[in-house]
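Asks: Here's a sequence, model it:
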Amino acid sequence: MANLEKYRTCVEQALKNYSRYKPAYGEIEVQLIFDQQHDHYQLNNVGWNKDLRIFGCILHLDIKGEKVWIQYDGTEDGIADELVALGVPKEDIVLGFHPSDKRQYTEFAVG
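Replies: This is a model prediction of the structure:
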């Protein structure tokens, strides 16, 4: 249980860090979505660039079974290393966007 609270804090801090980066174009709102009850966390962009609607998930993380699952990572550098820097061990981070048979070749957890 102690890990769960720590991981929630780390995930939220990492997403807050990324939320500081706003697109340089259009009227784009950066949205942080924290669902601690179900342990779902997202960073989305929503808005308009001239007449083009912008909506997209930048990051989606879940906490399942006391592991942090990175379901989607649309960042340039990747959020996994930031989570490690915040104190989440690599063996507790699952790169969920990789197929399960390929995760064994990463330096992170398989699931």
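
Asks: The closest residue in space to Ala80 that isn't next to it in sequence and Asn45, how far apart?
Replies: Nearest residue to Ala80, sequence neighbours excluded (CB to CB, 6 or more residues apart in numbering): Ile93, at 5.5 Å. Backbone N, C-alpha and C define where each C-beta goes, glycine included. The gap separating Ile93 from Asn45 is 24 Å, by CB to CB, to the nearest Å.

Asks: where in the protein is pLDDT low?
Replies: Within the chain, the segments meeting pLDDT under 70 span 1.

Asks: Quick one: residues in contact with the longest strand along the chain.
Replies: Criterion DSSP state E: the longest strand present in the chain is strand 52-64. For strand 52-64, the surrounding residues in contact (CB atoms under 8 Å, 6 or more residues apart in numbering) are 4, 7-8, 11, 15, 18, 23, 26, 28, 39-48, 68-75, 79, 96.

Asks: Would you map the helices across this protein?
Replies: Taking DSSP state H as the test, the helices found in the chain are 2-19, 80-85.

Asks: For the closest residue to His98 other than its chain neighbours, grab phi and psi.
Replies: Take His98 and drop its neighbours on the chain: the residue closest to it by CB to CB, 6+ apart is Thr106, 6.6 Å away. When read as degrees, to the nearest 10, the backbone of Thr106 gives phi -90, psi 170.

Asks: quick one: Thr106 and Asp35, what's the gap?
Replies: Using CB to CB, Thr106 is found at 26 Å from Asp35.

Asks: list the contacts for the nearest residue to Asp92 once chain neighbours are set aside?
Replies: Leaving aside its sequence neighbours, Asp92 sits nearest to Lys67 (CB to CB, 6+ apart; 5.0 Å). Applying CB under 8 Å, 6+ apart, we find Lys67 in contact with 92-94, 109, 111.

Asks: can you list these in a markdown table and add distance to Ala85 and neighbour count?
Replies: Formatted as a markdown table, those follow (distance: CB to CB, whole Å; neighbours: other CB atoms under 10 Å):
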| residue | distance to Ala85 | neighbour count |
| --- | --- | --- |
| Asp92 | 14 | 18 |
| Ile93 | 12 | 23 |
| Val94 | 18 | 24 |
| Ala109 | 17 | 18 |
| Gly111 | 23 | 13 |
